[in-house]
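Q: any chance you can model this:
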Amino acid sequence: MGKFNTTDKRAPRAGGPIKTAQTPTALTYNGAAGYEYDTLSQLYLLAVNNMVGEDTFYESAETRDNRYESLIVRAVAEGHIEWLTRFFPWLRNSANMRTASMIGGIEAARAMVDRKIPGGRALVNSVLVRADEPGEALAYFVSNYGRSIPKPIKRAVADACARLYTQRNTIKYDTASHGFRFGDVLELCHAAPAPVQVPGGPRQEASADPAAPFADHARRSHGAVA
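A: This next block holds a predicted model:
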């Protein structure tokens with residue numbers, strides 16, 4: 001008979017990342033006792049289900065989107081910067097929530113700018129993965145807050161342009177169906193082509209980049225194609 005694995009011993013109870021209050025803190029929609037999630041749990045549960053701009057059974061699109069933004073601001077205010085910088089790239093790349101991650105990165109960066117917290121530039125850049133997303137990010141920001149774009153967000157969009165604006169992506173994504181064409185994005189964020197290493201030669205600027213002609217094309221495209 002074992003001396004240690006006896007009936008008075010129990011394996012540690014497994015726990016998850018979602019946390020709630022230990023006692024009722026509010027009422028549910030139907031009037032029952034409710035246990036409120038902490039800030040990060042609320043943000044996670046909403047983000048992975050947030051289609052942005054879509055009504056749900058219990059919430060209108062406007063209420064839901066406002067709640068998402070307020071949770072992000074609260075998470076920044078509570079100091080969860082490291083968690084946010086890991087969460088939103090995961091939301092974009094692994095959970096494939098394109099719009100929710102983009103808005104999350106932008107709103108977090110705005111809140112970080114207000115509190116003079118560094119890191120917003122890298123955060124926004126990390127959620128812009130496809131070549132049409134810099135324009136999508138600017139369209140979201142300008143439509144909600146105007147054309148005065150905080151520098152970390154503007155520079156993050158410029159970083160994404162240098163990474164994503166290639167010949168192929170210009171042809172595929174710079175279309176007349178978009179309000180912010182590639183040229184508009186470059187004009188707003190003052191993006192510069194990333195320098196490249198030419199084999200057998202010194203480090204060169206965009207003139208050595210095969211995609212460089214398309215930078216000029218992108219700047220003119222909104223006028224030439226429209």
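
Q: please make it C-alpha for all contacts and neighbour counts, starting now.
A: Fine.

Q: can you give me the domain boundaries for the protein?
A: Taking automatic domain parsing as the domain assignment, the ranges for the chain are 20-117, 128-195+204-226.

Q: least confident of the ones you listed, on average?
A: Lowest mean pLDDT within the domains of the chain: domain 128-195+204-226, at a mean of 82.

Q: with adjacent residues omitted, what lies nearest to Glu136?
A: Using C-alpha to C-alpha, 6 or more residues apart in numbering and skipping the chain neighbours, the partner closest in space to Glu136 is Phe180 (7.6 Å).

Q: hang on, the one you found packs against Ala137?
A: No: Phe180 lies out of contact with Ala137 (C-alpha atoms under 8 Å); the separation is 9.7 Å.

Q: spit out the residues that contact those two alike.
A: Common contact partners of Phe180 and Ala137 (C-alpha atoms under 8 Å, 6 or more residues apart in numbering): none.

Q: tell me the buried residues in the helix or strand encompassing Arg67?
A: Per DSSP states H and E: Arg67 is located in helix 61-77. Neighbour-count burial for helix 61-77 flags 61, 64-65, 67-69, 71-76 (criterion: 16 or more other C-alpha atoms under 10 Å).

Q: so what does it touch, helix or strand wise?
A: Helices and strands touching helix 61-77, by 3 or more C-alpha pairs under 8 Å, 6 or more residues apart in numbering; DSSP states H and E, are helix 39-47, helix 98-114.

Q: again, only this time at 10 Å
A: If you count contacts as 3 or more C-alpha pairs under 10 Å, 6 or more residues apart in numbering; DSSP states H and E, helix 61-77 packs onto helix 39-47, helix 81-93, helix 98-114.

Q: helices or strands next to the first one in the packing?
A: Using 3+ C-alpha pairs under 10 Å, 6+ apart as the contact criterion, the secondary-structure elements in contact with helix 39-47 are helix 61-77, helix 81-93, helix 98-114.

Q: export those as a markdown table, with columns for distance to Leu128.
A: Shown next, in a markdown table, are those (distance: least, C-alpha to C-alpha, whole Å):
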| stretch | distance to Leu128 |
| --- | --- |
| helix 61-77 | 18 |
| helix 81-93 | 8 |
| helix 98-114 | 7 |
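
Q: Tyr173 is nearest to which of those helices?
A: When those are compared by C-alpha to C-alpha, helix 98-114 sits nearest Tyr173, at 15.8 Å.

Q: that closest one to helix 61-77, inter-axis angle?
A: 50 degrees (axes from the mean of the first three to the mean of the last three C-alpha atoms, to 10 degrees).

Q: all strands of this protein, in order?
A: Here the chain has its strands, by DSSP state E, at 26-27, 33-34, 196-197, 203-204.

Q: now Leu71: how far from Thr166?
A: 36 Å (C-alpha to C-alpha, to the nearest Å).

Q: again, but for Pro17
A: Computed with C-alpha to C-alpha, the distance linking Pro17 and Thr166 is 40 Å.
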